[in-house]
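Asker: Whatever this is, show me its structure:
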Amino acid sequence: MKSQRVFVTRRIPEAGLRKVLDQCSATVWDEPLPPPREVLLERIAGCDGVLTLLTEKVDAEFMDAAGPNLKVISNFA
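Answerer: Now for the predicted structure:
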């Protein structure tokens, strides 16, 4: 059972996404545009990890919204 919850903020190449999905329970934002800030903050709540792109602003508000379970923020560039 995959216990680590990860939110992937955008579509990424299948090879990279597969590595995440093999290890974690991941939700991927599958829209052509980035998630609106309010939606992003809602979706990351309770996650153990967030995989972002350069379009997402990672700041104190972002980390507070994720909550105490957050262990890693990674950027796909």
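Asker: wait, is residue 38 part of a strand?
Answerer: No. Going by DSSP: H, G, I helix; E, B strand; the rest coil, the assignment for residue 38 is helix, not a strand.
Asker: any idea how far it is from residue 4?
Answerer: Computed with C-beta to C-beta, to the nearest Å, the distance linking residue 38 and residue 4 is 25 Å. From N, CA and C alone the C-beta is placed, and that goes for glycine too.
Asker: Which of these two has more residues huddled nearby?
Answerer: A count of neighbours by other C-beta atoms under 10 Å puts residue 4 above the other of residue 38 and residue 4, at 15 against 9.
Asker: Let me know whether that one touches residue 50 as I believe.
Answerer: No. Here residue 4 does not reach residue 50: they are 11.5 Å apart, not a contact under C-beta atoms under 8 Å.
Asker: Show me what the lowest-mean-pLDDT helix or strand in the chain is packed up against.
Answerer: Here the helix or strand of the chain ranked lowest by mean pLDDT, DSSP states H and E is helix 14-23, holding a mean of 93. Judged by 3 or more C-beta pairs under 8 Å, 6 or more residues apart in numbering; DSSP states H and E, the packing partners of helix 14-23 are strand 5-8, strand 25-28.
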